[in-house]
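**Q** just coords:
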């Protein structure tokens with residue numbers, strides 16, 4: 001979701017640039033897949049604001065960074081582009097990547113231990129660090145996913161966003 005000061009019309013994908021990568025240098029990243037849906041909500045989250053919601057298909061962006069650039073133009077009313085980043089590392093539980101190499105986030109045995117300890121939680125909310133398939137519970141499918149990811153040694157290079 002991106003919140004902008006009230007926009008005079010509607011935005012399109014031409015008002016954004018999307019890149020993906022897994023290096024410390026965003027200049028080397030490739031173009032990202034286009035979102036499959038863009039939804040605009042006028043007046044949200046408050047009067048004087050408009051919300052843009054971008055949706056990608058499940059699995060379209062995995063184990064890499066997504067850079068979103070909102071372009072500066074008359075439609076966005078920005079005087080300079082606004083750039084921000086989202087990282088995705090499947091089955092990483094947010095434990096600071098204990099045991100990962102410096103400068104990386106990685107799925108480690110600590111993620112497996114924490115996920116196993118969370119097994120059986122019937123009502124895992126959207127913010128759950130262990131419900132990887134987002135079905136509302138932490139079960140053997142989530143545990144199997146963290147074990148499979150652990151075997152693949154998935155790593156995400158940490159990023160220091162450019163100024």
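**A** Sure, I can see it. No experiment lies behind these values; they were computed from the predicted model shown.

**Q** can you tell me the element the residue nearest to residue 31 when sequence neighbours are not counted falls in?
**A** Nearest residue to residue 31 in three dimensions, chain neighbours excluded: residue 19, at 6.1 Å (CB to CB, 6 or more residues apart in numbering). For glycine as for every other residue, the C-beta is placed from the backbone atoms N, C-alpha and C. Element membership for residue 19 (DSSP states H and E) is strand 16-21.

**Q** check residue 147 too.
**A** Short version, using DSSP H and E: residue 147 is in helix 140-152.

**Q** list the helices and strands that helix packs on?
**A** helix 109-118 (3 or more CB pairs under 8 Å, 6 or more residues apart in numbering; DSSP states H and E).

**Q** just the mean pLDDT for the helix it packs on, thanks.
**A** For helix 109-118, mean pLDDT rounds to 92.

**Q** compute the inter-axis angle for that helix and helix 140-152.
**A** 170 degrees (axes from the mean of the first three to the mean of the last three CA atoms, to 10 degrees).

**Q** buried stuff in stretch 147-158?
**A** Neighbour counts using 16 or more other CB atoms under 10 Å place 147, 149-150, 154-157 of stretch 147-158 among the buried residues.
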